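Peer 1: Give me a model of this one.
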Amino acid sequence: LCLRLIAAWEKAPPGDSADGLIWSSNIRKHYGPLKAMLDSRDADGLATLLCGMFRSSCVHGIAHGDLYRAGNTTSLARRVWQLKLLGDVVSLGEYIGVIRVENPEQGGIGLALSNGVTALTKRIEERLGPVVSFPAVGGPYGIYAGDCLITMESPEYIYVALRIREAVRLHLPELANPDVLEIGGGFGGLAYYLLGLMPEIRVYTIVDLPIISVLQGYFLGRCFGADTVSLLGEPCARIRLLPTDAIEQQSCNVLINENSMPEMPPETVLGYLRWAARAVGGIFYSYQQEAWTGQVLVRSAIKDIGSFRRLSRNQSWVRRGYIE
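Peer 2: Residues are numbered from 1 along each chain as shown. Purely as a prediction, here's the structure:
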């Protein structure tokens, strides 16, 4: 698999118009060891790095990486993040309806975990099936609830995957086997959970920066089997990983962007939306922050294109300040 990742890296475009200042700086600061393994064609070294990628800096900006390892933070800081993670699990349970939604006006606060996180996680698993636990790929860490590993990212990915599944079934009820395209897929976490919750997906394509596609290729190849993933220059498989400039040759029924368009240059976002207006025969699910940061406001960019009709607008149940 790592030999294939190196070959795809060598075929990738040398630059990327979707890069922008945020990600060019991020890659320069944190992705040096990963780039060095790719450039030197060191497959063994690449395998060693990727099998522990979730405990390293080479996932900076798409996962928590080494931020909360012992030695990098105080025990108090780690405890604060553990409490946030427990809160995310509660929010997920509230959303899918396996526990009541707390109401501060009526008392009874903090009861969702009265029987422990394992009991709550078991109820979530009973509702969703055996897709909740994060896979043992890349050295992940978090909280174990029985045999179920919950990472800092997984409750939100599960929530977003559920929301996409509901949107497809509501707005595209006659579509039996959707083709999905995700712009900016992180390490592949959303793809992992969405494919688990929607086995009817025919093709799942991710377009991203080439160095991020390496992480996706390793993670998804290890999760689903190397033969289920195709990289740049390879025959198409069910999961397709491509550089961003390949999007012009793609089409889909379901377009996804989770938390990356605001970080792109405005013209890049408009370019993606112009493509979507002619190539997406279905829905665009956008999950973003809208903070006053000077970054792209996605709903404003959509309005500028003028070829979309808003079907819904909701706040995330799991992450405060995020809009879908």
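Peer 1: check contacts around Met261.
Peer 2: For Met261, the contacting residues are 183-184, 269, 272, 286, 288, 296, 298, 301, by Cβ atoms under 8 Å, 6 or more residues apart in numbering. Bear in mind the C-beta positions are built from the backbone N, C-alpha and C, glycine included.
Peer 1: is it possible to export these to CSV including pLDDT and secondary structure?
Peer 2: Shown next, in CSV, are the contacts of Met261 (pLDDT from 0 to 100; DSSP: H, G, I helix; E, B strand; the rest coil):
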residue, pLDDT, secondary structure
Ile183, 98, strand
Gly184, 97, coil
Val269, 96, helix
Tyr272, 98, helix
Ser286, 98, strand
Gln288, 97, strand
Val296, 95, coil
Val298, 97, helix
Ala301, 97, helix
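Peer 1: The residues you listed: which two are farthest apart?
Peer 2: Spatially, the most separated pair among the contacts of Met261 is Gly184 and Ala301, at 14.7 Å (Cβ to Cβ).
Peer 1: More neighbours: which of those two?
Peer 2: Using other Cβ atoms under 10 Å, the more surrounded residue of Gly184 and Ala301 is Gly184, with 23 against 19.
Peer 1: Find the centremost residue of the protein, please.
Peer 2: Computing the C-alpha centroid of the chain and ranking residues by Cα atoms, centre = their mean puts Leu190 first, at 3.8 Å.
Peer 1: Does that residue touch Ile158 like I think?
Peer 2: No - counting by Cβ atoms under 8 Å, Ile158 is not a contact partner of Leu190; they are 9.3 Å apart.
Peer 1: Phi, psi for the residue nearest to the centre of the chain please.
Peer 2: Torsion angles at Leu190 (phi, psi; degrees, to the nearest 10) stand at phi -60, psi -40.
Peer 1: What of Thr151?
Peer 2: phi -100, psi 170.
Peer 1: for it, what are its contacts?
Peer 2: 54, 63-64, 134, 140-142.
Peer 1: hang on, the earlier thing: what number of residues lie near the closest residue to the residue nearest to the centre of the chain other than its chain neighbours?
Peer 2: Closest residue in space to Leu190, ignoring its immediate chain neighbours: Tyr157 at 5.1 Å, by Cβ to Cβ, 6 or more residues apart in numbering. Neighbourhood size, Tyr157 [other Cβ under 10 Å]: 21.
Peer 1: got it, and Trp292?
Peer 2: For Trp292, using other Cβ under 10 Å, the count is 6.
Peer 1: do Ser260 as well
Peer 2: Using other Cβ under 10 Å, Ser260 is surrounded by 24 other residues.
Peer 1: Touching, it and Ile183? I think so.
Peer 2: Yes - using Cβ under 8 Å, Ser260 makes contact with Ile183 at a distance of 7.0 Å.
Peer 1: Now the terminal residues of stretch 65-75, how far apart.
Peer 2: End-to-end distance of stretch 65-75 (Cα to Cα, to the nearest Å): 17 Å.
Peer 1: same question, stretch 178-191
Peer 2: Start-to-end, stretch 178-191 (Cα to Cα) is 14 Å.
Peer 1: Okay, now the unreliable bits of the stretch 1-150 of the chain?
Peer 2: By pLDDT under 70, the low-scoring segments of the stretch 1-150 of the chain are 15-21, 69-72.
Peer 1: contacting residues around Leu194?
Peer 2: Neighbouring residues of Leu194 by Cβ under 8 Å, 6+ apart: 161, 164-165, 180, 201, 204.
Peer 1: can we see that at 7 Å?
Peer 2: Applying Cβ atoms under 7 Å, 6 or more residues apart in numbering to Leu194 gives the contacts 161, 164.
Peer 1: Make sure it is indeed in a helix.
Peer 2: Yes - under DSSP: H, G, I helix; E, B strand; the rest coil, Leu194 sits within a helix.
Peer 1: So for it, what pLDDT did the model give?
Peer 2: Listed pLDDT for Leu194 reads 98.
Peer 1: Can you tell me how far it is from Gln288?
Peer 2: Separation of Leu194 from Gln288 (Cβ to Cβ, to the nearest Å): 17 Å.
Peer 1: Likewise for Asp179?
Peer 2: With distances taken as Cβ to Cβ, Asp179 is found 23 Å from Gln288.
Peer 1: and what of Met261?
Peer 2: From Met261 over to Gln288 the distance is 6 Å, taken as Cβ to Cβ.
Peer 1: residue boundaries of the helices in the stretch 51-200 of the chain?
Peer 2: Counting by DSSP state H, counting those that start in this stretch, the stretch 51-200 of the chain has helices at residues 75-96, 117-128, 154-171, 189-197.
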